[in-house]
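Undergrad: Build me a structure from this.
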Amino acid sequence: MSVACSGDARVIEQLGEKQDFEAELARRGFPHEDFSLYVEIAKGTDSRATWDPRYEVEVIHRPTQSLRIYRGGPRKNWVRAFTLDLLGGAYGEPTLWRSAEVSDAARRGRRTG
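TA: This is a model prediction of the structure:
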């Protein structure tokens with residue numbers, strides 16, 4: 001299942017950042033359905049005729065209802081910033097690994113028991 005993404009989602013989809021985000025979740029043991037993203041292109045003070053490549057990504061962690069905002073654009077790597085927060089425990093412990101450990105322990109118990 002893919003992460004729910006709304007707003008100006010095409011920005012991060014075209015850059016491949018949504019896929020990078022989902023890959024980090026899988027690599028770290030977090031279910032995709034626990035997260036949703038909202039993307040908003042930065043509102044510049046310049047003329048509307050010029051495109052501003054900056055954007056913000058709101059990451060919502062559904063189980064805790066926590067919301068963090070990451071900035072994207074030139075020289076900004078919001079996926080890396082998110083991953084550092086993920087590794088730092090900002091989104092709790094990985095639940096997929098915990099489920100796998102319980103399943104492994106149950107299988108071992110059946111074989112030896």
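Undergrad: Flag the helix or strand of this protein with the lowest per-element mean pLDDT.
TA: Least confident element among the helices and strands of the chain, by mean pLDDT, DSSP states H and E: helix 95-112 (a mean of 52).
Undergrad: which residue ranges form the strands in this structure?
TA: Residue ranges of the strands in the chain, as given by DSSP state E, are 4-7, 35-41, 55-61, 66-72.
Undergrad: okay if I get those strands as CSV plus mean neighbour count?
TA: For every residue, glycine as well, the C-beta is placed using N, CA and C. Listed next are those as CSV, based on neighbours: other C-beta atoms under 10 Å:
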stretch, mean neighbour count
strand 4-7, 15
strand 35-41, 18
strand 55-61, 20
strand 66-72, 15
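Undergrad: Reformat the ones you listed into a markdown table and put mean pLDDT and distance to Gln14 next to each item.
TA: Output for the strands of the chain, formatted as a markdown table (pLDDT from 0 to 100; distance: least, C-beta to C-beta, whole Å):
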| stretch | mean pLDDT | distance to Gln14 |
| --- | --- | --- |
| strand 4-7 | 97 | 12 |
| strand 35-41 | 97 | 11 |
| strand 55-61 | 97 | 11 |
| strand 66-72 | 96 | 12 |
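Undergrad: who wins for proximity to Leu96 among these?
TA: Among the strands of the chain, the nearest to Leu96 by C-beta to C-beta is strand 35-41 (12.6 Å).
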